[in-house]
Structures are given as structure tokens and as C-alpha cells.
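[1] sequence plus the predicted model coming up.
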2 protein chains.
Amino acid sequence: MQTEIKKGKWKKNFSEWLSDIISEAEILDYRYPLKGCGVWQPYGFKIRNNTLKIIRDLLDETGHDETLFPLLIPDNIFAKEAIHVKGFEDEVYWITHGGRTELDVKLALRPTSETAMYPMFAKWIRSHADFPLKVYQAVSVFRYETKATKPLIRVREITTFKEAHTAHGSWEDAEAQVKEAVEVYSRFFEQLGISFIISKRPEWDKFPGAVYTLAFDTLTPDRRSLQIGTVHNLGQTFAKTFEIEFETKDGGRDFAYQTCYGISERTIAALIAVHGDDTGLRLPPSIAPIQIIIIPITFKGKEAKVNDVSKEVYKWLKTAGFRIKIDDSDAKPGKKFYNWEMKGVPLRIEIGPKDVEKKQITYARRDTSKKGTIPISASLFEDVKKILDQIQENLALMAEKNFSELICIAKDVNDAKKLLESDIGMVQISWCGEKECALELEERVGVGVLGTPIDDKWKIKAGKCPICDKKGIETVNLGKAY
Amino acid sequence: MQTEIKKGKWKKNFSEWLSDIISEAEILDYRYPLKGCGVWQPYGFKIRNNTLKIIRDLLDETGHDETLFPLLIPDNIFAKEAIHVKGFEDEVYWITHGGRTELDVKLALRPTSETAMYPMFAKWIRSHADFPLKVYQAVSVFRYETKATKPLIRVREITTFKEAHTAHGSWEDAEAQVKEAVEVYSRFFEQLGISFIISKRPEWDKFPGAVYTLAFDTLTPDRRSLQIGTVHNLGQTFAKTFEIEFETKDGGRDFAYQTCYGISERTIAALIAVHGDDTGLRLPPSIAPIQIIIIPITFKGKEAKVNDVSKEVYKWLKTAGFRIKIDDSDAKPGKKFYNWEMKGVPLRIEIGPKDVEKKQITYARRDTSKKGTIPISASLFEDVKKILDQIQENLALMAEKNFSELICIAKDVNDAKKLLESDIGMVQISWCGEKECALELEERVGVGVLGTPIDDKWKIKAGKCPICDKKGIETVNLGKAY
């Protein structure tokens, strides 16, 4: 897999860049003989694991319990919730045979787990004292995508589906849970340095069965919006279908109020996309499998000292808890630099004869390419930690800058079109709130309505609806979505 | 799920005991509407996670890389290795439809991952320098079991399949890898306090496609052997089928030499089985989700002090790294004792007014039911640690004693039958090495041949083959297997 990535492609030809870097950095191998299915290789698997650890910790801290539900859902259970099944009918893989026997009831591979989980919720929930129920799982789900597949973005086996499902005793409690979910995901993406805008999806684009859907969108270098997380208030739709009934405090009966929320490996796609550059990956230290790479720069006759000092520095920093590796292979330093830069290692430490002499290390930051030296002293750990923290922060700042430059307010339909044809990825415009106007807007601008932003900072000053000229009562975001 | 487990069943009616305890301790809920599929509940999921952590650490330490391969295998790839596919043809689930479309090539749900992994190995391996390749994954695999299913032991979705796959440049290297795998699994089961005997399975019972199969068997309280791990030397069978070819050191060509080895949630079944008692679970501290439960024993007027001291002790021990919980619910102490004993928490700490007065804690060990006191002092952490270490060791010793009492040497066929009808779960007998004799032995004794033990300590003094009366050249183990 030595297909050197072509320079200058990150922004110019993002799609090709993404495929190349996923392959060259050995994140996933999509040469698996089934379309839309890739193999997580060791380096990619570690990125995935570190990312999952962050979301798991956030969920555990907020009282969610990890569980694992079966993959297979019998047809008669899956089909129970009519709106839901309608939304997925073209995407579900069906098992019809076990061995050489045809099954009595065909089995769905979960495309998402509502219908696997909620029959069990009905068994677990008896009274108001059983609330809140907050569980999650991180699993593979399957969707028979007929559109062109795309590494990490549009796949048939979604291998990293982290879905949380909750049940509550009132609409208010479910609303509070939606807020908590938004908060958890916001903190998650912040720790990854991924900027986002949260939109309430339009009625006609919400999750099948939900009362409403909130979505986290980020923007890729090719100016497309990428949905990286969703939060749904399910109301009592599923609870009524699956009979999740409970005894209320005053002895009455009611159906549970539910929410669910999910993220997927699109998080990893976003991570790669927003921090990348023409040289390859730039991984935030928070999830980098290797945070520091040490490269001994040896010259004939001075190998021993350089190698000794390198190993010592390695040992100190390893013991201090950094994810660190020493590359003492036979390759030339330049090739090593290239390789670890391409793989996105945040910090490179070089140790040569001059460094040994001066009792220092030379470092190079992956985010800025800046080099510097640090004395080898008792404060080495703190000094390195500080630089990694700066890299973490700076990557997020740079990504935030790119992100905000891709969003722009449009005055009218023509302005929106012009902006989206230039350097803009998402336009914001006033809207009267009528579905007809939104659909006409979509058609005339030629991109999709992403919904209405929920944060005040993303709401624009009310203007006129560009279609009907009536008063705009909401901000609507438009963009070409993946 | 308040189906109080019936006393005295662990040994007398193990099968029912196992189902009851899995349900009552909230490990898995098998009321999922599909046979052979259960839901891992939070408490069970944590046991599973802690167990997986041990094996992951052992594999990582020995240079294995974690990966994740697709679940779906196209029919034309799956069918390539004829012996292998023959072995699984009655057990594979087949996907025939995506949405409402019939698929051109039907897709197998992996029953194990050789045929998913090895086409990729063929792409990754070019020369002898690419060896050894050692990867593993922890995933669900699927088998359409037609026999009666059994919680954790015989299921249709095997949710906790940890499979490792390796490739090497020579038969010798593959043999060395088999040794390493045996060593890794031995240490794994030792850390769980599960006793085992390793047998080379007879030719006619080896893994489909392997040169030979080694298996780890333990014994359950109902005197049945339970296969909890297997290690296969695959030779070049799959390498030839999937063209895993490489350039040798001297410039020639050869096919890779492969091994694979796996464990499953049967490990958890064994854990529950060998350490359980009539009261419920007894979990080794190494994997207990809660290692210590603190129960404040409050009396009217003295609640404040007891609760304060309990919280302090909790905080100290929590900070020290123990997995600990305080049960300050409204339930009566007796009910709390019952609940946490049933759930297998290794150590209970009680803190009452007398303890507060004497600046001590009272403890009760789950393994022996013995109680004692420890002064609340600077050495509290060490004292508690010592007790937990003793519990860990003692559970393993007790399990080992039970295990060895279930194995016995048989003189002849009648002796073997008699032993297996009494209190013995596995008999050892001399064998001439001929398949015909082994099969007749199986038929006449009425149980299966498990194979020949590989450790010297399990080899018995050579006698005569009980069937043909010729010289016994090997020890063969017989038992009723799950």
C-alpha cells in the first residue's frame, strides 16, 4: 500500500484525498470483496477505539449503561411500527435461510435498534420508579445502500454505530434528556476539535417515527455538509407500538416517553476531513494512537549515544502516560518524517548528536510544522504535555476557522446560488416556515434544506422569505449534504 | 425479575440454576423474541468487558493487533475452501435480499472469520518480511443451531467471539505460535480461576480445514465437559485456497503457514459455573463489576455518623482504584446482603454504630462467608487488597479441587461407565490410537472422545486399549460434552 498521496488534494480533490489517505495511513482497507464494507486495520482500529472511549466516558458519566442487543430482528417484530418500517424498507438486509433450511420468519439485520430494544423495554419497565432508563450500545448496523458508497461516509456495514436509547415518565423528562444528549455530543465533538451546527431537521426529513430530529452537521473541505450525529425525541410513538406502559405516581397508566441518539464512523470521517492537509492526517492528541514519535538521527560513530538518549526519553515519556513510539528502523530520516506526518502523529521528537551534546530534544509540531528545542530536564514531561495541549487547541481553532468561513448568510435565492457556487458550503436564509416555500427553495437553489439552527448564535436577523416574500420567522440552513 | 433462585440447585440441577442466575443477576435477558439470542444487561456487560480486557491485554502484550473485519461474506468467497464450507453448511445464515431487491450473490453471516480475513491476508502478505502477521477481533458470529439452545453455552448469536488469526513463513513458526496461543489462553483462564485440560481433538473432530485442533475443556457442576477455547494449526490449507503466497528469504515462493484460535462467551458460562454456589454467583475480583459493596447498618438516631464513615471509606477505596459501590437504599440489610451475595460481589463491608465507635469496618467474604474486622487506618487499602487477593486465589483453588475430583482414570469400559454414572465428569483411559477403537469406545461408554491430553501431568500410565487389548500408546479423555 505504498501509493504516495498526491500533493495539493486535500481541498482541491477532497474525495480522492480521503480515499487515498484512509488507505495509505492504513486506517481501513476497502479492497474487501464486498462493496461498502471495509476492514479496520490496527492503526485505524486504535483511532476508532480512542474515539469510542471518549463517547463511552461521557455517556457513563451521565448515567448511561452500556448493553448489547441482538443483531437479528424477526420480521413480525420489525414490522410492528409502520412509519418506522416504511422509512427503512429499501435498506434492510433480510436473512431467509439458516443452513439449507428456509426460515419460517425472515430476519432483519438491524438498520438501527429501536425494534430490537423496545420489546425488551416493555418487559423492564413496570412503574414510574423504573425511570429514567438510559442504555447504549456500540455495534454494527447494516443498510443496503444503493447510492455510490464512500469510505466511512456511506457504507453498508456501519461498524461504529453508537446508539443510545432512553425512556422517561413524562414529555418534560424526555425533553430534558434531549438537552443532555445535545450537551454530551457537543462535548464529544469539542474534544475531537470538530466544529458543528445543530439544526432541527424539517418535518419531512426527520427520523421515521420521531416527533422531531436534531442533527449535528459539520462541513468537509469540498464544502459539503456531513451529518455526524442525531438526537431524536420519539414521544410515545414506539412506546404505544411496543406497549411500554407504566404505572404513574398517582396510580394511573401511561406510555413511556422516549428519546434516542446516535453517532457513527462518520465521526472518524469528520476527524480526518477537518484536520487533514496536503501532507496527510493531522490527528488531535486526544485520539492519536501515537501522540509522539521519536526519531533518532544517527551518524556513523555516534549511534550509541543517540540511541541511548532516545531510549531514555522514550522511557520517561512512556511512563508519564503518553502514547509514544520510537522509530529506530533502517529507513532514512526523511522517509520516516514523511511517514509519520502522513499518519498524523501530532508531535515528532528528533534526537541527534547535537541534541545529545546540548542535553535537549528537537521537536516538530504536525499542526504548524514549527520546530523547537526542549532541554532534557525534570520538566520534560510538563513541556511536552504543554505542546500537545497547544496542538489539540490549535487544531480545533484552525478547524473552527475553516468551518466558519464556509458558512454565509444569503440575501435571496440568487445570492444563495452564487455563494454555494463559490467558496461557501452552507448558506443561511430567512424563511416563513411553510413547507412549500422550503421545497421550492431547495429546488431553486439546487441543494437541500438542512433545517433550522437551534443555537441563538446561528440564528440570523429576521428578513423576508425569499420565496413568498412574507415575514421570515425562522433561519433555515441550506447545503449540499453527503 | 424477582424470581428468587431455588436453594440447593447449583450442583443438583445445574442447568436450571444457570438459567435462573443469569436472569436474576441481570447478566443476560433471554426473553428476546428470537431463540438463542439474549440481551447483555449492564451488569453482565461489565463482566463481559472486564473479561475481554484480560484477553485483550494478553494478546496485545504478545504482539497481536486488534482489527475489525466485515460481518458479511459473499457466497463465492465463503465457498472457496471446500472442507471448511462443508463443516459449516448446516449452520450458516444466508442473506438473500437487500431491501426489496434480491441479491445477485447471497451473503453469509460469518460463522467464524477465516474466509473473511484470508482474502485480505493475500493482499497484505508479499514477502517473508511481512511475517508474523498476528491479528484478532472480538465480534459476533452466527450459527443456526438446530439443537436446543442454552444460555451462554449454545446460542445462535455468539456475541463474544474473540478470534485470533496468524500467518507465518514456516511450519515451525506456526508451531511456535500454537504454543504461544496455548500459553496466552492458559494465563487467561488462570486469571479467571477456571481449571482446564488441553486435549488434542481426534482427527474426526478437528476444525474444518485444520491440520490439528487443540481444545481447552473445563467441567461444569453437572459433570459435563465444556469446550472453552480452541487453537488450530491450519497448515497451508487456507493459504493455498486463498493464495496467500510470499517470497521466501532465498527468493523462492511458498504459501503462508497459519494458525487461528478462539474463545467465546462460554468463558463467562464457565466463570459462572465453576465458581457458583447455592446462593448465586461468586465472581473472582479480577472481573467482578463491583469488587466491594459497602452496606451502612443504620439505627435510628445514629444514621449520620454511620453514613459519614461509610462515605469516607467508600471514597478512600474508590480513589485507591477498587470497583466499589455503596448501597444506601431503603431496603433492609438482610435483603441487601442477599442481593449482593447473589450477584457475586467478592467482598462486603458493613459499617454500623459499633464499627464507627471502634474505628473499624466489618467485612464478609463471599467465597467462604467468613466475617472479620479491619481497623480504619492508613493500611486499610493494603488490608482490603490482601483480602481480595485471597478471595481470588481461594476461588481458583476451590474450583481446581472440584475440577480434579471430577476426573478419574478408568480401568476398562465397565469401569468408565460406572464412574461416569457416579460422580465423575471425565474419565481417562489408555488407547491404542486406532480410530475404530475410539469410536467403539464412544459407543460402548455412551459419551464422546475428547481427545488426547497434551500436558504430561494429564497423561496416564500406559495400559491396554480397552477395546482391542493392544498396547495403549496414548491417553484418551472421555466425557459428555456440551
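    Yep, that arrived.
[2] how about the strands of the stretch 51-200 of chain A, start to end?
    With strands called from DSSP state E, counting those that start in this stretch, the stretch 51-200 of chain A shows them at A:65-66, A:72-74, A:93-98, A:101-109, A:133-142, A:157-168, A:197-200.
[3] just the stretch 251-400 of chain A next, same as before
    A:253-255, A:257-263, A:292-296, A:324-326, A:347-351, A:360-365, A:371-375.
[4] can you tell me which of these is nearest to chain B?
    strand A:324-326 (13.7 Å; C-beta to the nearest C-beta). Placement of C-beta: from N, CA and C, glycine included.
[5] that closest one near chain B at all?
    No - contact of strand A:324-326 with chain B is not found when judged by C-beta under 8 Å from any C-beta of the partner chain; the minimum separation is 13.7 Å.
[6] packing partners for that strand?
    In this structure, strand A:324-326 packs against strand A:292-296, helix A:303-319, with contacts taken as 3 or more C-beta pairs under 8 Å, 6 or more residues apart in numbering or on different chains; DSSP states H and E.
[7] between those, which one is closest to chain B.
    In this view, the helices and strands packed on strand A:324-326 are compared for proximity to chain B by C-beta to the nearest C-beta, and helix A:303-319 is the closest at 14.6 Å.
[8] name the helices or strands packed onto that closest one?
    Right, helix A:303-319 is packed against strand A:292-296, strand A:324-326, strand A:347-351, helix A:353-358, helix A:380-405 by 3+ C-beta pairs under 8 Å, 6+ apart.
[9] show me what counts as buried in that helix.
    Residues of helix A:303-319 classed as buried under the neighbour-count rule (16 or more other C-beta atoms under 10 Å in any protein chain shown) are A:306, A:307, A:309, A:310, A:313, A:314, A:316, A:317.
[10] and stretch A:220-236, how far out from the chain's middle?
    Computed by C-alpha atoms, centre = their mean, to the nearest Å, the separation of stretch A:220-236 from the middle of its chain amounts to 10 Å.
[11] pick the most buried one from the strands of the stretch 251-400 of chain A.
    Of all those, strand A:257-263 has the most neighbours on average by mean count of other C-beta atoms under 10 Å in any protein chain shown, namely a mean of 26.
[12] for residue A:133, which of the strands of the stretch 251-400 of chain A is the nearest?
    If you check each of these against residue A:133 by C-beta to C-beta, strand A:257-263 wins as the nearest, at 9.1 Å.
[13] what's the nearest residue to residue A:234 if we skip its chain neighbours?
    Counting by C-beta to C-beta, 6 or more residues apart in numbering or on different chains, the nearest residue to residue A:234 once its immediate chain neighbours are dropped is residue A:258, at 4.1 Å.
[14] do the same with residue A:31
    Sequence neighbours aside, residue B:123 is the residue nearest to residue A:31 in space, at 5.9 Å (criterion: C-beta to C-beta, 6+ apart).
[15] per-residue confidence for that neighbour?
    In this prediction, residue B:123 carries a pLDDT score of 98.
[16] I'd say it and residue A:29 touch.
    Yes - here residue B:123 reaches residue A:29: they are 7.4 Å apart, a contact under C-beta atoms under 8 Å.
[17] who has more neighbours, these two?
    Neighbours per residue, other C-beta atoms under 10 Å in any protein chain shown: of residue B:123 and residue A:29, the larger number sits with residue A:29, 19 against 14.
[18] how about the more buried one, nearest residue that isn't a chain neighbour?
    If the residues on either side of it in the chain are set aside, residue A:29 comes closest to residue A:39, at 4.5 Å by C-beta to C-beta, 6+ apart.
[19] contacting residues for that neighbour?
    By C-beta atoms under 8 Å, 6 or more residues apart in numbering or on different chains, the contact list for residue A:39 reads A:28, A:29, A:30, A:32, B:67, B:68, B:69, B:70, B:120.
[20] if we use 7 Å, what do you get?
    With contacts defined as C-beta atoms under 7 Å, 6 or more residues apart in numbering or on different chains, the neighbours of residue A:39 are A:28, A:29, A:32, B:67, B:69, B:70, B:120.
[21] repeat that for residue A:478.
    A:416, A:426, A:427, A:429, A:441, A:445, A:447, A:448, A:449, A:450.
[22] the last one: how many residues sit nearby?
    So the one you mean is residue A:450. Quick note: residue A:450 (other C-beta under 10 Å) scores 25 neighbours.
[23] correct me, but it touches residue A:200?
    No - between residue A:450 and residue A:200 there is no contact, the gap being 9.6 Å when judged by C-beta atoms under 7 Å.
[24] in the sheet, who's paired with the residue nearest to residue A:234?
    residue A:167, residue A:235 (DSSP bridges).
[25] residue of the stretch 351-482 of chain A closest to chain B, please.
    Closest approach between the stretch 351-482 of chain A and chain B, counting by C-beta to the nearest C-beta: residue A:482, at 20.5 Å.
[26] assess the claim that that residue and residue A:223 are in contact.
    No - between residue A:482 and residue A:223 no contact is recorded; they are 11.1 Å apart, counting by C-beta under 7 Å.
[27] what do the two both touch?
    Going by C-beta under 7 Å, 6+ apart, no residue sits against residue A:482 while also sitting against residue A:223.
[28] give the burial count for the closest residue to chain B within the stretch 251-400 of chain A, as a bare number.
    Shortest the stretch 251-400 of chain A-to-chain B distance, computed as C-beta to the nearest C-beta: residue-wise this is residue A:265, at 10.5 Å. A count of neighbours around residue A:265, defined by other C-beta under 10 Å, yields 25.
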